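Trainee: Any chance you can model this:
(4 chains)
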Protein chains: 2
Amino acid sequence: MQLDEAKSKFIEGWGTLGSAWGVSRTMAQVHALLLVSPNALSTEDIMDQLQISRGNVNMNVRALMDWGIVRKELRPGERREFFSAEKDIHRVATLILQERRKRELEPIMRVLGEISQVEPSPTSTPEETEAFTKMIASVQSFANFANSAASTLIKADENWFLSTFMKLMRPS
Amino acid sequence: MQLDEAKSKFIEGWGTLGSAWGVSRTMAQVHALLLVSPNALSTEDIMDQLQISRGNVNMNVRALMDWGIVRKELRPGERREFFSAEKDIHRVATLILQERRKRELEPIMRVLGEISQVEPSPTSTPEETEAFTKMIASVQSFANFANSAASTLIKADENWFLSTFMKLMRPS
DNA sequence: TCAAACTTTCAATAATAATTGAAAGAAATA
DNA sequence: TATTTCTTTCAATTATTATTGAAAGTTTGA
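Mentor: Numbering: from 1, shown residues only, chains lettered A, B, ... in the order given. Next up is the predicted model:
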């Protein structure tokens, strides 16, 4: 297989993976394109290579910068902006984890906290209320676990990640 | 807050969380409804409570059964089917992990394996090819890590999950 | 076999999300 | 200030995905 074909396949595969995880296909593809490009790319480069519009590139590149996994690069003497992706994939994973925790885990934990204070009422039996409270408590406990697992991974440096965690995961 | 309101908030929150993770809002809501229902529900119960059509309920309940997190319950002497969700949230997480690994991780690993065999060609310099190969290798290494982490969690029983893993995650 | 009670399917429709492209904005230069 | 070059915005459009509902299918029992 040749380089260009390999790059296309990666961009396509990354896009598919992205959409399974709630990231728009195009955003994942822009990210993939920047990952496989040794040099930073301009808006026009991205437009050309993915055949998408200027506005679309702008929107998605900005979103990727919000996630912290793409950087703007300014070249001296050049007016236009260039973009490059964080290539350290462990750091990419960490940044994504951090961002998703903030965006998704925190809101659901807030909701769980609120609804765990359900009071007995005339329209429901104490048994029903207790069953509900128990279920919510178990979801909360799981969310807490996920939250601290995420914290640890985020704080962990790559060395820890590779040595301690890998050892734990493959104890054989 | 009263039970009914709490249940609605949970169903709404779970739906929102689902759509962030690539699960359709309605599917997550059906799951949430079954989680907060002490008894198994019939298709009509779900239709009424979520105000969705029969076909929609059927589709989503079937998908949830494919994920292994909802079961069909047959009552003696009753013609219609009732559905109930797996309430052990650790088991739910495990089943989802297992299924997502199969559906998403495996395909991307296959693609990575294919494209890592990129050959030198006249249209690209050896440096470009090497940079690409290196990037893909690091993604592969990360995918392998994710894969074995998932395996371990899937094989682990709840006790391990709570004791070993929690200790690791909160070493303080 | 027929009718009743339910489930499943799927083409049509509706709802949602992504994309475009042209216009407005901003920054740099002369 | 006017011009050039690039970025950003956003209403309109297009594409995608979810939903409906009626018809077809299935199962059970008389």
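
Trainee: make it CA atoms for all contacts and neighbour counts henceforth
Mentor: Noted.

Trainee: Give me the average confidence score over stretch A:21-31.
Mentor: Summarised as a single mean, pLDDT over stretch A:21-31 is 96.

Trainee: next one: stretch A:35-52
Mentor: On average, stretch A:35-52 scores 97.

Trainee: Count the neighbours of residue A:46 for me.
Mentor: As a burial measure, residue A:46 scores 23 neighbours (other Cα atoms under 10 Å in any protein chain shown).

Trainee: let me fix that: residue A:76
Mentor: Residue A:76: 6 neighbours (other Cα under 10 Å).

Trainee: how close does it get to residue A:65?
Mentor: Separation of residue A:76 from residue A:65 (Cα to Cα, to the nearest Å) stands at 21 Å.

Trainee: same deal with residue A:141?
Mentor: Counting by Cα to Cα - residue A:141 and residue A:65 are separated by 32 Å.

Trainee: ok, now residue A:143?
Mentor: 27 Å.

Trainee: Residue A:52 too?
Mentor: 18 Å.

Trainee: same question, residue A:82
Mentor: 12 Å.

Trainee: elements contacting whatever helix or strand residue A:17 lives in?
Mentor: Per DSSP states H and E, residue A:17 falls inside helix A:3-20. Counting by 3 or more Cα pairs under 8 Å, 6 or more residues apart in numbering or on different chains; DSSP states H and E, the packing neighbours recorded for helix A:3-20 are helix A:25-36, helix B:106-115.

Trainee: Turn those into JSON lines, including distance to residue B:22.
Mentor: Output for those, formatted as JSON lines (distance: least, Cα to Cα, whole Å):
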{"stretch": "helix A:25-36", "distance to residue B:22": "12"}
{"stretch": "helix B:106-115", "distance to residue B:22": "16"}
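
Trainee: Outline the domain layout of chain A.
Mentor: Domain ranges of chain A: A:3-85, A:89-169, per automatic domain parsing.

Trainee: Which of the ones you listed comes out lowest on mean pLDDT?
Mentor: Among the domains of chain A, domain A:89-169 scores lowest, at a mean of 85.

Trainee: re the thing from before, need the domains of chain A in JSON lines with distance to DNA strand D, can you?
Mentor: Listed next are those as JSON lines, based on distance: least, Cα to the nearest atom of the strand, whole Å:
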{"stretch": "domain A:3-85", "distance to DNA strand D": "3"}
{"stretch": "domain A:89-169", "distance to DNA strand D": "18"}
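
Trainee: can you tell me which of those domains comes nearest to DNA strand C?
Mentor: Closest to DNA strand C of those, according to Cα to the nearest atom of the strand: domain A:3-85, at 3.5 Å.

Trainee: State the distance spanning the first to the last residue of that closest one.
Mentor: Using Cα to Cα, the two ends of domain A:3-85 sit 19 Å apart.

Trainee: One more: stretch A:98-108?
Mentor: 15 Å.

Trainee: try stretch A:65-82
Mentor: 12 Å.

Trainee: those helices in chain A, which residues are they?
Mentor: With DSSP state H as the criterion, chain A has helices at A:3-20, A:25-36, A:43-50, A:54-66, A:89-100, A:106-115, A:126-155, A:158-160, A:166-169.

Trainee: Pipe those helices into JSON lines and attach distance to residue B:14 per row.
Mentor: Shown next, in JSON lines, are the helices of chain A (distance: least, Cα to Cα, whole Å):
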{"stretch": "helix A:3-20", "distance to residue B:14": "17"}
{"stretch": "helix A:25-36", "distance to residue B:14": "23"}
{"stretch": "helix A:43-50", "distance to residue B:14": "34"}
{"stretch": "helix A:54-66", "distance to residue B:14": "24"}
{"stretch": "helix A:89-100", "distance to residue B:14": "15"}
{"stretch": "helix A:106-115", "distance to residue B:14": "7"}
{"stretch": "helix A:126-155", "distance to residue B:14": "11"}
{"stretch": "helix A:158-160", "distance to residue B:14": "33"}
{"stretch": "helix A:166-169", "distance to residue B:14": "30"}
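
Trainee: Just name the most buried of those helices.
Mentor: helix A:25-36 (a mean of 23; mean count of other Cα atoms under 10 Å in any protein chain shown).

Trainee: Could you check how far stretch A:76-94 is from the centre of its chain?
Mentor: 16 Å (Cα atoms, centre = their mean, to the nearest Å).

Trainee: check contacts around residue A:21.
Mentor: By Cα atoms under 8 Å, 6 or more residues apart in numbering or on different chains, the contact list for residue A:21 reads B:20-22.

Trainee: how about it, phi and psi?
Mentor: phi -110, psi 20 (degrees, to the nearest 10).

Trainee: How about chain A: which residue is closest to chain B?
Mentor: residue A:22 (4.3 Å; Cα to the nearest Cα).

Trainee: Quick one: residues contacting that residue.
Mentor: B:19-23 are the contacts of residue A:22 under Cα under 8 Å, 6+ apart.

Trainee: cool, and residue A:91?
Mentor: Applying Cα under 8 Å, 6+ apart, no residues qualify as near residue A:91.

Trainee: Check the gap between it and residue B:145 for me.
Mentor: Counting by Cα to Cα, the gap from residue A:91 to residue B:145 is 14 Å.
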